[in-house]
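Colleague: what would the 3D arrangement of this be:
(one chain, ligands or ions: 1)
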Amino acid sequence: MISTNSPTAIVIGAGIGGLAAAARLARNGFKVMVFEKNSRPGGRCGQLLCNGHRFDTGPTLFLMPEVFAETYSALGHSMDEQLDLRRVDPTYSIRFGDGSQLALTADINRMQVQLEAIEPGSFSGFLSYINEGHRHYRVSLSRFVGRNFYNLLDYFSPANLPLLFQLKALTSHYNNIGNYFDDPRLKAAFTFQNMYLGLSPYDAPATYSLLQYTELADGVWFPMGGMYRVIESLEAIAKDLGVEFLYDAPVDQIEVENNRAGGIRLENGIRITADVIVANADLPYVYKNLLPETVSTDNMERKKYTCSALTFYWGLDQTIPQLGTHNVFLAGEYRQSFDRIFEDLTLPDEPSFYIHAPARIDPSAAPAGQDSLMALVPVGHLGPKGSQDWRALKDRAREAMFRRLGEMGLSGLDKHIKFEINYTPKDWQNLYNLEKGAAFGLSHNFAQVGYLRPRNRHARYKNLYFVGASTHPGTGLPIVLLSARLTAERILKEN
Ligand SMILES: Cc1cc2nc3c(=O)[nH]c(=O)nc-3n(C[C@H](O)[C@H](O)[C@H](O)COP(=O)(O)OP(=O)(O)OC[C@H]3O[C@@H](n4cnc5c(N)ncnc54)[C@H](O)[C@@H]3O)c2cc1C
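Modeller: Model (predicted):
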């Protein structure tokens, strides 16, 4: 219930982080206004509709359902009432460079048969690896990801330090996988998931074995109607709680005085004041573009960023039954492909890629007898101006995918494409103001996680908070939902 004395909050951006934070604040008595530069909510979790074809433009993997369930429940709803979730199993099929395949599945017997065929004896390695992932998941969620850190000692406390070692936070994921598997295909199959966080497995902490655990144990899910259903449901809940949404309303400046943020100025010149400002727009962009220049602005330039993506949305005039819901095609030159992305900021010579075929699980994603495919090719984030020719790289990525699909008996798929929409890193930057077009925001190396990640409250302007992928705890829909919980808890505690 909003009273005339209710504290007020402005949220900049209607991404999943902005939506969830706005709804949580409204439920706790704040009067909230959300200003979004685009005409619809969702940000990176977007949707395209074209001639009866439906595409989720960003996220396609619904992981860690318990975190979504907690969000809905904190807002007075149940996830089951809001989303019609279906489990995807096999979670995805992986095709290796040599033509062999592995279907990752929660069916342990099937995993055993497949793994032993690739590397005799590897099944016991798999069980130990999943066990480690379970430990990492539980400890990370309860002690690092699911809580606020208010000072450095909080983070490097005597209680936490041994846990950082237990979580193998200083060991690279790829080095660690050698403890469980010898075959390079299995090492790749159980480390490429770091790309969900926009990280190379050669840089990512071994902590992220938690991803494989949660995929297989908690499952990969799909909301019927598409991932965008999550956005639609959160927007509707927020509106019911009294949140006011203003679309096509780009914010130009956060107005600050002394140690406080007084309000915002929109691009059209209108000024709005509030007790609390919550920035959901990408954090480095906010520091560089919406706030006065300080040392922190330069610091953003020195930080490490995640990779970007070339994405293709294809409407096809026929179904492609050889493709499952999620399909991963891994490069033979695994190490080299990451070096090309993260060091040379380009497209690997032989790229790995992912294809999502939502109509396989939800026929409403395409007209009857047709298909909607989303293809994602990881590439470097934006480099110095003029150093990357995205048109040429996009064409090369498309050719590489068709060549690889042809090798698995899908030659001629390109002839069935009725239309193509695609995004380059420049589009990701322009659409959502993502710094360097980095699809997943700031990187998650050891120096940029926990207390070391840019914090969810500004150091000087004490009523300016952040929510989203580039603040604590990090990227990915469930992690951003945790960010919304942590930021809202902090605002309620401090205001
Ligand atoms: C291609 C791709 C695939 C992905 N796949 C997955 C996946 O399978 N599973 C998963 O869990 N996660 C996935 N992710 C990650 C996930 O999408 C993000 O972590 C998450 O959506 C980020 O949400 P956010 O609220 O932090 O930011 P955003 O979605 O970026 O929202 C920020 C909002 O702020 C708005 N904004 C920016 N500047 C201004 C301004 N000046 N004024 C007003 N509004 C402004 C933007 O338009 C945007 O709507 C993927 C991401 C990408 C790009």
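Colleague: all contacts plus neighbour counts: C-alpha atoms, from now on.
Modeller: Noted.
Colleague: isn't residue 284 up against residue 299?
Modeller: No. Applying CA atoms under 8 Å, one finds residue 284 not in contact with residue 299, separated by 9.2 Å.
Colleague: closest residue of the stretch 351-495 of the chain to the ligand?
Modeller: Closest to the ligand within the stretch 351-495 of the chain is residue 468: 3.1 Å, counting by CA to the nearest ligand atom.
Colleague: are we agreed that that residue is in a helix?
Modeller: No. Secondary structure of residue 468 (DSSP: H, G, I helix; E, B strand; the rest coil): coil, not part of a helix.
Colleague: so it touches residue 280, yeah?
Modeller: Yes. Contact status for residue 468 versus residue 280: in contact at 5.5 Å, counting by CA under 8 Å.
Colleague: so what sits against both of the two?
Modeller: Counting by CA atoms under 8 Å, 6 or more residues apart in numbering, the common neighbours of residue 468 and residue 280 are 15, 17-18.
Colleague: quick revisit: who has more neighbours, residue 284 and residue 299?
Modeller: Set side by side, residue 284 and residue 299 show more neighbours around residue 284, with 25 against 12, by other CA atoms under 10 Å.
Colleague: looks to me like the more buried one is in a helix.
Modeller: Yes. Remark: residue 284 belongs to a helix, assigned using three-state DSSP.
Colleague: begin at 49, not 1, for the rest of this chat.
Modeller: With 49 as the first residue, the last one maps to residue 332.
Colleague: next, the nearest residue to it once chain neighbours are set aside: secondary structure please.
Modeller: With CA to CA, 6 or more residues apart in numbering as the criterion, residue 332 has its nearest non-adjacent residue at 5.7 Å, and that residue is residue 348. Put simply, residue 348 is helix when judged by three-state DSSP.
Colleague: what's the burial count for residue 348?
Modeller: Using other CA under 10 Å, residue 348 is surrounded by 18 other residues.
Colleague: that one is in contact with residue 334, isn't it?
Modeller: No. The pair residue 348 / residue 334 is not scored as a contact, 10.1 Å apart, by CA under 8 Å.
Colleague: pLDDT score assigned to the residue of the stretch 399-543 of the chain closest to the ligand?
Modeller: pLDDT, residue 516: 98.
Colleague: what helix or strand is residue 363 on?
Modeller: strand 356-364 (DSSP states H and E).
Colleague: ok, that strand: who's next to it in the sheet?
Modeller: Its sheet considered, strand 356-364 pairs with strand 419-427 (antiparallel), strand 465-471 (antiparallel) by DSSP bridges.
Colleague: ok, back up a step: check contacts around the residue of the stretch 399-543 of the chain closest to the ligand.
Modeller: Residue 516 makes contact with 63-66, 328-331, 522-523, 528, 531-532 under the criterion CA under 8 Å, 6+ apart.
Colleague: go with 7 Å
Modeller: Contacts for residue 516 (CA atoms under 7 Å, 6 or more residues apart in numbering) come out as 65, 328, 528, 531.
Colleague: just those: which are in strands?
Modeller: Among those, DSSP state E puts none in strands.
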